[in-house]
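>>> here you go, sequence then predicted model.
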Amino acid sequence: MSADRGVYLTEFDIHVGYTHIKNPIALAPMAGITNIDFVRDHAMSAGLAVIGGYNLDDATNEAAKSINERRRAEFVTPEPIKHLRGELDCLKGMDDHPTIALNVRSTEITPLMEAALLAKEYGAILEIDCHCRQPEMTDIGVGEPLLQDLQKLGSIISKIKKTEVVLSVKTRSGIVDDRELAVAIEEAGADMIHIDAMEPGFGADYNAIKAVRNATGLFIIGNNSVTDFRSAKDMFGYGADMVSLARAVPKIPGVIDDLVRSVTTFQKQTGWYNAPKHICSGGDDRALTFCCLPVKRCAIQRVLRRYGLTPQEFADLKVELSRGTPLELGDNTCFGTLIWCCKLTKPCFMRDAVLDQIGISGVEYMKLKKRLSEGILERLRNSQSQLP
């Protein structure tokens, strides 16, 4: 995680900067649909509700009117800041409501700065819409065109971050190099990236999530084709910190409530709701914590080469970072220590017998593995940053 952005996770006590997010399920923005009334009707149990997209200047509002004329929903807000303040005021007096993010567009920087200050005032998040592909919007340079102009996008992000608002960027995968885009967004100062990970004709593009997870410390919201816990778990397994739902919400009654219940149960059972898939199953680099001793040809070798690490150096690193923890124990496991054992959801009678013997629960084991994962990646990334 990106410690310098103030991002950390403990149970479902999720914090990004000054915001507290109660669980990793989010409502994604749908133009002309997701406002506070929609949140009240469909998403009060969500951890995050992204409302909008809202149009902040004359150009985007005129574009929204044109889109409405061809019977596609858009919000038209001639007094945008007043309108957004009214939306946020509706939360006063509500108990246990989700954290709110404002998804916004503007051809000018001043309205974005004003929206950022408003969001910060209410403890909300601002989200820049780099996702919209309606021609009326793209023709004036907002939405998806920002993905293809990283210098402009970076400038917008860095200016907005001067307000100290918690900032998200809504993107669409496969438009430009996903890794390069995410790195640019992080370097400009954003806190979060909300990825519509779409693979036309195939559903969600999990590799896009994985690429961003391996390249950055951004807080990742994964979006696309999430309709139940199985699809959410897949998105988590490739590196998403949170998943968001859009069209499924009005179509499947109670889908957000069901997902919150399922992921909460899974967290209680395993201690790491978004634990990565194993490296050999295509998981992201966090899964190095679950890899066995690298003594044979397998997928881990490619990952180690990418970091310029030999198998022996990797083995020494895991041993060093686990020293003094219960992971050192486990004479009866495959490699004589829990350091090399797999994730809890993969059945293993030898690992489980050791956990019973030493009095460590599966949840505690997974939390130790999560801590080891964070230590491994911090060390590897620091080493890379010091290379000439």
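Nice, thanks for sending it over. Numbers count the residues shown, from 1 in each chain.
>>> tell me which residues are up against whichever strand or helix holds residue 85.
Using DSSP states H and E, residue 85 maps to helix 80-89. Outside of helix 80-89, the residues within contact range by CB atoms under 8 Å, 6 or more residues apart in numbering are 35-36, 51, 54-57, 61, 77, 100, 102, 104, 111, 114-115, 118, 122, 124. Any C-beta I mention is one placed from the backbone N, CA and C, and that applies to glycine too.
>>> hmm, 10 Å instead?
Under the criterion CB atoms under 10 Å, 6 or more residues apart in numbering, residues 35-37, 39, 51-52, 54-57, 60-61, 75-77, 79, 100, 102, 104, 106, 111, 114-115, 117-119, 121-124 lie in contact with helix 80-89.
>>> ditto for stretch 298-311
Stretch 298-311 is touched from outside by 214, 278-285, 287-288, 291-296, 313-317, 376-377, 379-381, 383-384, 387, with contacts defined as CB under 10 Å, 6+ apart.
>>> next step: those restricted to helices.
Among the contacts of stretch 298-311, DSSP state H puts 214, 313-317, 376-377, 379-381, 383-384 in helices.
>>> circling back to that earlier point, pull out the buried residues from the contacts of helix 80-89.
35-36, 39, 51-52, 54-57, 60-61, 75-77, 100, 102, 104, 106, 111, 114-115, 118-119, 122, 124 (16 or more other CB atoms under 10 Å).
>>> which of the residues you listed fall in strands?
The strands, defined by DSSP state E, take in 51, 52, 54, 55, 100, 102, 104 from those.
>>> distance of the third one from residue 19?
It refers to residue 54. Distance, residue 54 to residue 19, using CB to CB, to the nearest Å: 19 Å.
>>> could you do the last one as well?
Residue 104 sits at a distance of 17 Å from residue 19 (criterion: CB to CB).
>>> what of the fourth one?
Taking CB to CB as the measure, residue 55 and residue 19 are separated by 24 Å.
>>> can you list the low-confidence ranges for the stretch 1-150 of the chain?
Judged by pLDDT under 70, the stretch 1-150 of the chain has its weakly predicted residues at 1-11.
>>> what's the spacing between residue 282 and residue 98?
Counting by CB to CB - residue 282 and residue 98 are separated by 31 Å.
>>> who has more neighbours, the two?
It is residue 98, of residue 282 and residue 98, that has more neighbours when counted by other CB atoms under 10 Å, with 23 against 15.
>>> quick one: contacts for the more buried one?
21-23, 25-27, 39, 43-50, 91, 256.
>>> at 7 Å instead, please
Listed by CB atoms under 7 Å, 6 or more residues apart in numbering, the contact partners of residue 98 are 39, 43, 44, 46, 47, 48, 49.
>>> what is the mean pLDDT for the strand or helix carrying residue 366?
Here residue 366, judged by DSSP H and E, is contained in helix 362-385. Helix 362-385 shows a mean pLDDT of 93.
>>> quick one on the thing from earlier: between the ones in helices among the contacts of stretch 298-311, which is nearest residue 245?
Distance to residue 245, by CB to CB, is smallest for residue 214 among the ones in helices among the contacts of stretch 298-311, at 24.7 Å.
>>> number of residues surrounding that closest one?
18.
>>> residue 110 now?
By the criterion of other CB under 10 Å, residue 110 has 11 neighbours.
>>> hang on, the earlier thing: and which of the contacts of residue 98 is nearest residue 349?
residue 47 (35.7 Å).
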